[in-house]
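Chemist: No sequence on hand, only this structure:
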């Protein structure tokens with residue numbers, strides 16, 4: 001049976017052409033209407049429109065493009081809409097138009113407003129078809145709202161938004177009976193509102209940051225979140241740690257948990273059984289490698305008892321008030337039934353760590369010395385601006401894992417500078433079981449890095465190096 005071969009892109013099926021257009025910005029998708037009669041109205045069948053101010057030379061052309069394209073797009077086709085703005089563009093009238101003409105069909109709305117003052121029309125909060133609502137921006141507001149009815153809403157994300165200063169959170173959630181994914185991040189000063197866990201008992205994912213408290217007004221009976229799988233709670237102003245940790249015992253499916261160190265300590269002290277927990281992330285003030293190793297040992301040791309499914313552990317530096325990339329350490333535990341170990345560190349077979357300064361390099365050496373069964377090591381450069389230029393200080397010992405177990409090494413954002421070359425040379429020359437090394441770099445002079453890597457001695461004769 002012969003197959004028809006398409007000689008031009010225009011001969012492809014329409015659904016495939018629409019799929020191709022979906023990878024373009026709306027601006028470039030509209031430009032394809034100039035190709036031929038077949039393409040003239042094809043973009044109007046796209047169910048998702050993306051309006052990004054960065055695609056336009058100025059805000060005037062951006063506004064004109066939105067005006068014209070929204071007017072031409074059939075209201076029964078549009079299902080998803082995304083706006084990315086700046087301080088020069090106000091989209092309130094367009095949102096009103098969208099809900100006037102597309103109200104019965106829109107399923108997803110995402111607004112990234114930056115610092116732009118963005119008033120939201122009341123129609124948004126009575127849209128019966130809306131499933132996903134994501135609002136990001138410091139000045140997204142709605143005034144005088146008294147009625148909320150979002151019966152289809154499943155995902156609600158508000159990121160760096162002060163919308164709840166004018167819309168009570170309880171009112172917003174009161175008629176969202178099918179909400180499963182809720183994220184609220186507040187960083188603009190002190191937040192004076194609380195979240196009551198009894199408002200959304202069907203949640204699967206809950207992420208809260210910067211609120212005053214996480215409470216339950218239903219004090220007469222324990223609140224159960226039977227479907228909750230992911231819970232991230234950080235920087236809560238007046239968090240009742242004892243109550244909150246007892247709440248965790250009523251989340252039988254909880255598998256992904258992020259907490260601050262002080263809250264995690266209470267959780268571990270209460271010996272709350274977490275049968276489904278697989279991932280724990282702790283946000284903390286990083287003091288030293290000694291502090292980090294103590295935290296690893298304490299948490300992994302206790303979680304081995306109260307969380308039998310536990311596998312992944314992350315410790316991340318608390319830098320909520322900084323624009324710097326945080327220092328982090330991530331580990332994965334091996335199957336205890338397949339390992340012989342005398343300490344909790346022997347269970348760690350996978351390590352990921354950021355390299356940001358001299359302390360983080362020394363921390364890496366300390367961890368390698370303790371993780372005697374390590375198989376995979378992944379590093380990422382997140383160097384910060386500093387006036388102090390340091391070099392790699394080679395230790396006087398070789399960690400056991402380099403001699404007997406490490407098989408895979410990956411390094412992202414490798415610079416090829418002395419501080420990187422020293423550590424890389426040390427790892428390559430002493431890792432006797434190493435099978436693969438993957439290096440990712442975005443520097444201009446990559447050829448010099450390749451030559452430097454090729455000249456480094458290798459302890460493993462079977463090691464294969466891949467540079468990207």
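Modeler: Received the coordinates, thanks. Keep in mind the model is a prediction, meaning the values are calculated, not measured.
Chemist: switch to C-alpha atoms for all contacts and neighbour counts from now on
Modeler: OK.
Chemist: least trustworthy helix or strand in this structure by mean pLDDT?
Modeler: Lowest on mean pLDDT, DSSP states H and E among the helices and strands of the chain sits strand 213-215, with a mean of 72.
Chemist: Would you mind identifying the next helix or strand past that one?
Modeler: strand 230-234 (DSSP states H and E).
Chemist: Which positions within the lengthiest helix in the chain qualify as buried?
Modeler: In the chain, with assignment by DSSP state H, the single longest helix is helix 289-306. For helix 289-306, a neighbour-count test (16 or more other Cα atoms under 10 Å) marks 289, 292-293, 295-296, 299-300, 303, 306 as buried.
Chemist: Quickly run through the sheet partners of the helix or strand encompassing residue 352, with directions.
Modeler: Per DSSP H and E: residue 352 is located in strand 348-355. In the sheet, strand 348-355 lines up against strand 328-333 (antiparallel), strand 376-381 (parallel) (DSSP bridges).
Chemist: Determine how far that strand lies from the middle of the whole chain.
Modeler: Its chain's C-alpha centre and that of strand 348-355 lie 18 Å apart, by Cα atoms, centre = their mean, to the nearest Å.
Chemist: Hey, what's the angle from that strand to helix 289-306? Just curious.
Modeler: Interaxial angle of strand 348-355 relative to helix 289-306 (axes from the mean of the first three to the mean of the last three Cα atoms, to 10 degrees): 140 degrees.
Chemist: helices or strands next to the longest helix of the chain in the packing?
Modeler: Here helix 289-306 touches helix 261-269, helix 358-370, going by 3 or more Cα pairs under 8 Å, 6 or more residues apart in numbering; DSSP states H and E.
Chemist: I'd like to know which of the ones you listed is closest to residue 142.
Modeler: With Cα to Cα as the criterion, residue 142 lies closest to helix 261-269 of those, at 34.1 Å.
Chemist: now what about the next helix or strand after the closest one, what contacts it?
Modeler: Per DSSP H and E, the first helix or strand lying C-terminal to helix 261-269 is strand 279-284. By Cα atoms under 8 Å, 6 or more residues apart in numbering, the list of residues contacting strand 279-284 from outside reads 234, 255-261, 264, 310-318.
Chemist: Show me which positions of strand 279-284 end up buried.
Modeler: So for strand 279-284, counting by 16+ other Cα under 10 Å, buried means 279-284.
Chemist: Let me see the contact set for the closest residue to residue 26 other than its chain neighbours.
Modeler: Nearest non-adjacent residue to residue 26, counting by Cα to Cα, 6 or more residues apart in numbering: residue 50, 5.4 Å away. By Cα under 8 Å, 6+ apart, residue 50 lies in contact with 25-26, 81-83.
Chemist: From those residues, which land in helices?
Modeler: Going by DSSP H, the helices hold residue 26 from the contacts of residue 50.
Chemist: Tell me the one of the contacts of residue 50 nearest residue 41?
Modeler: So of the contacts of residue 50, ranked by how close each gets to residue 41 (Cα to Cα), first place is residue 26, at 13.1 Å.
Chemist: Beta-bridge partners for the residue lying closest to residue 259 once chain neighbours are set aside, please?
Modeler: Excluding its sequence neighbours, the residue lying closest to residue 259 (Cα to Cα, 6+ apart) is residue 282, at 5.1 Å. With beta bridges defined as DSSP bridges, residue 282 has these partners: residue 259, residue 315.
Chemist: Check the gap between residue 282 and residue 185 for me.
Modeler: 17 Å (Cα to Cα, to the nearest Å).
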